[in-house]
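Engineer: any chance you can model this:
(one chain, ligands or ions: 1)
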Amino acid sequence: MDDRKKSAGFGVVAGAVAALALLGAVGLFVVYTGAYNVAATEEHASVTRWAFDTTFHNSVERRADGIVAPESVTSEMVAAGAESYKSMCEHCHAGPGVERSKWASGMRPRPPHLAEAAAKWEPEEVFWIVRHGVKMSGMPAFGPTYDDETLWDIVAFVKQLPALTPEQYAALGDATAQGGGHQGGSGQDGGAHEGSTSGSGGTGSGQAN
Ligand code: HEC
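Structural biologist: Residues are numbered from 1 along each chain as shown. Take a look at the predicted model:
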């Protein structure tokens with residue numbers, strides 16, 4: 001009786017070891033023979049995409065847990081964040097009325113339009129993603145080169161992004177394009193709320209708080 005149990009147990013262990021060895025061998029085969037096509041001109045297989053997305057979401061959710069967002073979001077933060085977004089993110093993630101750079105469409109995974117994708121992440125999660133980046137995706141880590149304040153400004157702006165019209169987007173944080181010269185970074189109540197009285201024609205988002 002006991003002996004039979006023992007040998008059944010041995011069989012299971014031996015089977016598992018053999019299966020693992022086979023998996024390892026297949027893995028090494030793929031790694032060393034170049035069987036896997038790394039070309040970014042092809043979409044990821046759906047199983048690869050699923051594994052990447054699921055790992056990505058769960059990893060971010062778990063790690064963003066302890067992060068505490070600033071208590072309130074001001075229009076100054078949004079305006080400063082808009083300026084940073086346009087120079088650091090727009091070429092990959094586009095914006096209302098603005099396409100991503102041509103070259104960024106050649107990335108796999110392709111950087112999503114944040115005007116849509118940002119809505120599904122909490123501010124703390126966006127902060128984590130921007131600060132740490134995402135391995136194997138092309139999403140850079142900005143934490144090593146920018147301070148937290150700059151990153152929270154960007155988060156404040158990114159969370160407004162889904163609600164912005166192209167006109168509001170164009171007017172925000174754009175210090176150079178406006179005629180009035182009182183726009184970008186202006187500490188007054190300009191920026192996010194009222195747009196600018198000259199030029200933009202926009203009504204401002206009024207979303208800042
Ligand atoms: C070089 C291109 C590039 C730049 C620059 C870049 N990103 Fe990304 N970003 C990516 C890629 C690629 C992904 C992953 C997309 C995926 O997995 O579907 C990503 C993912 C994200 C995500 C998660 C979106 C989602 O749902 O998949 C957020 C949020 C994000 N980036 C914010 C930013 C912000 C904010 C900036 C600027 C500070 C920025 N990114 C700059 C390429 C870039």
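
Engineer: nearest residue to the middle of this protein?
Structural biologist: Within the chain, one residue has its C-alpha closest to the average C-alpha position: by Cα atoms, centre = their mean, that is I129, at 5.6 Å.

Engineer: show me what contacts the nearest residue to it once chain neighbours are set aside?
Structural biologist: If you skip the residues right next to it in sequence, I129 has V60 as its closest partner in space, 6.0 Å away by Cβ to Cβ, 6 or more residues apart in numbering. Any C-beta I mention is one placed from the backbone N, CA and C, and that applies to glycine too. Contacts for V60 (Cβ atoms under 8 Å, 6 or more residues apart in numbering) come out as W121, E125, W128, I129.

Engineer: re earlier: the residue nearest to the centre of the chain should be in a helix, yeah?
Structural biologist: Yes - secondary structure assignment places I129 in a helix (DSSP: H, G, I helix; E, B strand; the rest coil).

Engineer: okay but it is in contact with W121, surely?
Structural biologist: Yes - counting by Cβ atoms under 8 Å, I129 does reach W121; the two are 7.1 Å apart.

Engineer: touching, L164 and L172? I think so.
Structural biologist: Yes - at 7.4 Å, L164 and L172 qualify as touching, with contact defined as Cβ under 8 Å.

Engineer: the two: who's more crowded?
Structural biologist: Residue environment comparison for L164 versus L172 gives the larger neighbour count to L172, 31 against 23, counting by other Cβ atoms under 10 Å.

Engineer: how close does the residue nearest to that one when sequence neighbours are not counted sit to I154?
Structural biologist: With Cβ to Cβ, 6+ apart as the criterion, L172 has its nearest non-adjacent residue at 3.9 Å, and that residue is A82. According to Cβ to Cβ, to the nearest Å, A82 and I154 sit 9 Å apart.

Engineer: higher neighbour count, the two?
Structural biologist: With other Cβ under 10 Å as the criterion, A82 and I154 differ in neighbour count, and A82 comes out ahead with 31 against 26.

Engineer: the nearest residue to G106 once chain neighbours are set aside is in what secondary structure piece?
Structural biologist: Spatial nearest neighbour of G106, excluding adjacent residues (Cβ to Cβ, 6+ apart): A40 at 6.2 Å. Using DSSP states H and E, A40 sits in no helix or strand.
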